[in-house]
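Engineer: mind folding the following:
(chains A, B and C)
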Amino acid sequence: MANISQTNEAVSTNLMARALREAFYAGLVALGLFVLFVGLKTDQNILNELILVQRWGLLAIFVAIAVVGRFLTVAYIRPWFEARKAAKAAAPAVEREAGFVTRNFTLLAVLALIVYPPVMVGLFGFQGSLKWVDNFGIQILIYVMLAWGLNIVVGLAGLLDLGYVAFYAVGAYSYALLSSYFGLSFWLLLPMAGILAAAWGTVLGFPVLRLKGDYLAIVTLAFGEIIRLVLINWTEVTKGTFGISGIAKASVFGIWSFDVSAANNFAKVFGLPMSSAYYKIFLFYLALALCMLAAFVTIRLRRMPIGRAWEALREDEIACRSLGINTVTTKLTAFATGAMFGGIAGSFFAVRQGFVSPESFVFLESAIILAIVVLGGMGSLVGIAVAATVMIGGTELLREMNFLKQIFGPDFTPELYRMLIFGLAMIVVMVWKPRGFVGSREPTAFLRERKSVSGSFTKEGHG
Amino acid sequence: MALETDTMTKDPILKVDHLSMRFGGLMAINDLSFEAYRGDITALIGPNGAGKTTVFNCITGFYKPTMGMITMRQKAGKEYLLERMSDYEVNRDAKVARTFQNIRLFSGLTVLENLLVAQHNKLMLASGYTILGLLGFPTYKAAVGESIERAKYWLDKANLTDRADDPAGDLPYGAQRRLEIARAMCTGPEFLCLDEPAAGLNPRESLALNELLRSIRKDTDTSILLIEHDMSVVMEISDHVVVLEYGQKISDGNPEFVKHDPKVIAAYLGVEDVEVEEVIEQIEEIAPGDTH
Amino acid sequence: MEYFVQQLVNGLTLGSIYGLVAIGYTMVYGIIGMVNFAHGDIFMLGGFAALIVYLILLGLFGGVPIALALFIMILIAMLMTGLWNWVIEKMAYRPLRGSFRLAPLITAIGMSIALSNFIQVTQGPRNKPVPPLVSSVYDVFGIAISLKQIIIVLVTAILLTIFWYIVNHTPLGRAQRATEQDRKMAALLGIDVDKTISITFVMGAALAAVAGTMYLMYYGVIVFTDGFTPGVKAFTAAVLGGIGSLPGAVLGGLMIGLIESLWSAYFTIDYKDVATFSILAIVLIFKPSGILGRPEVEKV
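Structural biologist: From the prediction side, this is the model:
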């Protein structure tokens, strides 16, 4: 007994010594990393010359965080994780019955979304609900639709597309231009934007789809940038960086309008007080309906031969060809279908903003959409929707952290940290769950029972 | 000589004429001609690096041969020049299916899904190129039912029915080999090319494979071309053997004939040309009368 | 004619900077098959480090001989970005090595977003102009060649030579090439693969830091978003030249520099990036593995 406790003690002093040592190194590294960028700040003085402002206190905080963090990790957190892992491995694997929420997650989520606007109106009033319905609700739904579209290309067909935002832009500008120049209605332009984007997808896809892997990635990125640059520079049509404003609002199937001056204004017809909230709530339900349609189509497509061919393509392209599948058209359909979703989302985006400019279609948007697809778990609609909610909703929430001003003083603008935290969150989630939130895959057909396929078998494609 | 007349009466399904394939400075196949006959199991054998897989890749459209002609004649009489077709057309139109030396399954799809992907073109047509299927037309549903029946048939033949809903990547090696063959059969081929189907199998798996191949031969009118190293498999199931060495044909005939062809023996034992005579003599001494 | 040669000189200067950054992309890609999207931001970080070091020197000594100042700036910027990339590789990429191909790509994109915003938060969002460090211009047969262009091309050439020597003639280079060919086998033969990969990241970052310093000197201004466009251009250069090939990266960089300056000179400057990206797409359509890349043989 005495012996064991002695060795235990020795182990723990060893651990402490190691933790201290590693904490010291971490401190040194942090000092090296931050000494220039945190310890000093370049600022402009009155003469517009650059001067350095010293911030050694802040640097000390950074280093202290690194030291303490490393110490705690090595001394406590890591042993705790290992102990838990060992305990889990030792305990017999109990197949836990999925709870009510897990089993009916999709249904509950849809129900929650349907009651979301009235609840927000009830909580914050019409004016107060605007932010929650628009910034959170509609924006997240747009990203969900975009990510589901990209999911067809990346998650199902395994083609890495870094320029997806191009189709989003095509959709948005199709709506903006055709409605401003020709006065076409939203209900005509919504499908048209999808078709135009799909056509662009086919045109761009045709020459590049024989490229593989990272070559395909860079060419799609290049196309995304080309489209953005054309939008910026073709000022006669697109008005360049000024963008197109005053885009017509959508109407309820042409029956009721949301234009304040129109005779059939929604509020006037029903004798309601004027508020922009009605329009936003209408858009929310419209976005929800479009998302449901997209989900329905995707689920259906997966069970079609074309959907299976996409997934087969992701698993093994050569085998596909040996089975008589024309991989070029298969890739093109994936590309075009994904582009169509992007185009529809784009036209919706234009109608929601009432304004489009090339600013909205930078590479960062493509990266965010791709991140949502991968973080959600490639191929899984539910996982992707969850990822979109967490990532977009989370960063939107950061805008709301005004109480932090009380802690850090009035100069503190939480918005500045939004993208920093977004980037760091991408890294943390990916390291924590490399296969995304939902790593498994649902089979599209079964003989006896539907068993999900573990992520360790699915491939990620090389195209 | 008797052999020659025998082949004349047979109906060739695949004719390879003066096939050559050059990779840079390397002549992988050099003026190769042979025929495979309808209903036969033809084996393509030869030492490592003889160019067997290259021949396969030329037949199935994955490589474009430098020279030569490959003619596939279907039962209905239609002829296809395979060297002019893309890889997927070779399967879709000419009805030539193949497997791969290092198994290529869709490992993240279930066994059943693998077999459904193989029926892509048929289902694609039935789904009205997706559009009718998306709208839920009954013709598509019927076609899916039919495809599942066909899949079931081959699952049963390959002894995989119990694993139908498991991911293909989860199957043991032998079962993966059988699944790959079953998948190729689901495309409804007239000619099936198997690249080393028995490689790496244990004796029990070998047995199961032989059974599957025999049932293909017995129950369907698919002809088979196979590359194999395992001589026991070759001798047991093939009707006709073509031997390659350094990209050239050195022997062609029934297993019995090839087995005793001194050139083949020399190629496998690795002796100089001048020693071939000696080897023949030695064989004659060991087993006189066995040769003819 | 003089105008044309002038544009050639400008293009070569710009191309040298792209080439230096492209090497970092191509080396990391070669050794672990990953597109290190954060590399452009490492370049930007290098520029900022050089800027801050310059301001320190200015503050401490009033004025320093420019050659010495540049030397110190480059040296510290190299150390700095080397350390950053070493830590980044260890924390964000190494845990994902050998897993899913897209996972490290996503962490790299996340890292790129985090790095540029880190600089925005700590250094402020505004442009950082510096007074011209080197301003002499020489007239060579009617072509204006500035000293900074000479410095950039010269430094690039020297570094490339050193670098080429390291990769081809030292045990470290051998370890890198072995790891590139077959990581498992290299490990079995006693090569410390982790260390080799770390050193590759550090080397790539150091070259990016030099490029960052040159960029700062050439344009006299830097801002936190400067990682993106030059980063994408350098990545384009690496792919154009054939990703994984070192001479390819330099060639691609020079080509992009030339395309850009010639296009701006003879056509419209607005569409210069469109021209660059279009040429990339066209080259890849006809030569799917880049100009000097090994053509990918499809293994059946």
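Engineer: now do the helices in chain C.
Structural biologist: Assigned by DSSP state H, the helices in chain C fall at C:2-32, C:39-61, C:66-88, C:102-123, C:147-169, C:171-181, C:183-188, C:193-219, C:228-241, C:246-266, C:272-286.
Engineer: what helices and strands are in contact with the shortest one?
Structural biologist: Put plainly, it is helix C:183-188. helix C:171-181, helix C:193-219 (3 or more Cβ pairs under 8 Å, 6 or more residues apart in numbering or on different chains; DSSP states H and E). Any C-beta I mention is one placed from the backbone N, CA and C, and that applies to glycine too.
Engineer: so where is the stretch 51-200 of chain B shaky, pLDDT-wise?
Structural biologist: Across the stretch 51-200 of chain B, the ranges flagged by pLDDT under 70 are B:128, B:133.
Engineer: recalculate using a threshold of 90.
Structural biologist: Along the stretch 51-200 of chain B, the model assigns pLDDT under 90 to residues B:51-96, B:100-103, B:105, B:107-110, B:113, B:118-175, B:177-178, B:185-191, B:194-200.
Engineer: in it, which residue sits closest to chain C?
Structural biologist: B:Phe62 (4.7 Å; Cβ to the nearest Cβ).
Engineer: quick one on the thing from earlier: among the helices of chain C, which is the most enclosed?
Structural biologist: Burial of the helices of chain C is given as mean neighbour count (mean count of other Cβ atoms under 10 Å in any protein chain shown); helix C:228-241 ranks first at a mean of 27.
Engineer: who in the stretch 51-200 of chain B is up against chain C?
Structural biologist: For the stretch 51-200 of chain B, the residues in contact with chain C (Cβ under 8 Å from any Cβ of the partner chain) are B:Thr53, B:Asn57, B:Phe62, B:Tyr63, B:Phe100.
Engineer: of those residues, list those near chain A.
Structural biologist: B:Phe62, B:Phe100.
Engineer: follow-up on the earlier one: got phi/psi on the residue of the stretch 51-200 of chain B closest to chain C?
Structural biologist: phi -80, psi -30 (degrees, to the nearest 10).
Engineer: my read is that it contacts B:Asp87, right?
Structural biologist: Yes. Between B:Phe62 and B:Asp87 a contact is recorded at 5.1 Å, counting by Cβ atoms under 8 Å.
Engineer: pull up the overlap in contacts between these two.
Structural biologist: Residues touching both B:Phe62 and B:Asp87 by Cβ atoms under 8 Å, 6 or more residues apart in numbering or on different chains: A:Arg321, A:Ser322.
Engineer: how about the helices in chain B?
Structural biologist: So, for chain B - with DSSP H - the helices run B:2-9, B:52-59, B:87-92, B:111-117, B:120-126, B:131-134, B:138-157, B:173-186, B:203-219, B:231-237, B:255-259, B:262-269, B:276-286.
Engineer: need these in CSV with mean neighbour count and distance to C:Val250, can you?
Structural biologist: Output for the helices of chain B, formatted as CSV (neighbours: other Cβ atoms under 10 Å in any protein chain shown; distance: least, Cβ to Cβ, whole Å):
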stretch, mean neighbour count, distance to C:Val250
helix B:2-9, 9, 61
helix B:52-59, 24, 37
helix B:87-92, 23, 37
helix B:111-117, 27, 44
helix B:120-126, 20, 45
helix B:131-134, 17, 51
helix B:138-157, 17, 54
helix B:173-186, 23, 45
helix B:203-219, 16, 53
helix B:231-237, 17, 54
helix B:255-259, 18, 57
helix B:262-269, 18, 49
helix B:276-286, 13, 56
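Engineer: want to throw those into TSV with distance to B:Arg104?
Structural biologist: Compiled in TSV, the helices of chain B are given as follows (distance: least, Cβ to Cβ, whole Å):
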stretch	distance to B:Arg104
helix B:2-9	33
helix B:52-59	13
helix B:87-92	13
helix B:111-117	10
helix B:120-126	15
helix B:131-134	27
helix B:138-157	17
helix B:173-186	7
helix B:203-219	17
helix B:231-237	21
helix B:255-259	29
helix B:262-269	29
helix B:276-286	39
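Engineer: who in the stretch 351-463 of chain A is up against chain C?
Structural biologist: With Cβ under 8 Å from any Cβ as the criterion, the stretch 351-463 of chain A meets chain C at residues A:363-364, A:367, A:370-371, A:374-375, A:378, A:416-417, A:419-420, A:422-427, A:430-431, A:434-435, A:460.
Engineer: who does the residue positioned nearest the centre of chain B form a beta bridge with?
Structural biologist: Geometric centre of chain B, nearest residue: B:Cys193, 1.8 Å, by Cα atoms, centre = their mean. Under DSSP bridges, the beta-bridge partners of B:Cys193 are B:Arg98, B:Leu225.
Engineer: that one is in contact with B:Arg98, isn't it?
Structural biologist: Yes. Using Cβ under 8 Å, B:Cys193 is in contact with B:Arg98, at 4.1 Å.
Engineer: what sits in contact with each of those two?
Structural biologist: B:Phe56, B:Ile59, B:Thr60.
Engineer: relative to C:Phe201, how far out is the spatially closest residue to C:Val167 that is not a sequence neighbour?
Structural biologist: Nearest residue to C:Val167 in three dimensions, chain neighbours excluded: C:Gly173, at 4.0 Å (Cβ to Cβ, 6 or more residues apart in numbering or on different chains). The spacing between C:Gly173 and C:Phe201, counted by Cβ to Cβ, to the nearest Å, is 15 Å.
Engineer: the residue of the stretch 51-200 of chain A found nearest chain C: how many residues sit nearby?
Structural biologist: When scored by Cβ to the nearest Cβ, the stretch 51-200 of chain A has A:Leu52 as its residue closest to chain C, at 5.0 Å. The number of residues packed near A:Leu52 is 17, by other Cβ atoms under 10 Å in any protein chain shown.
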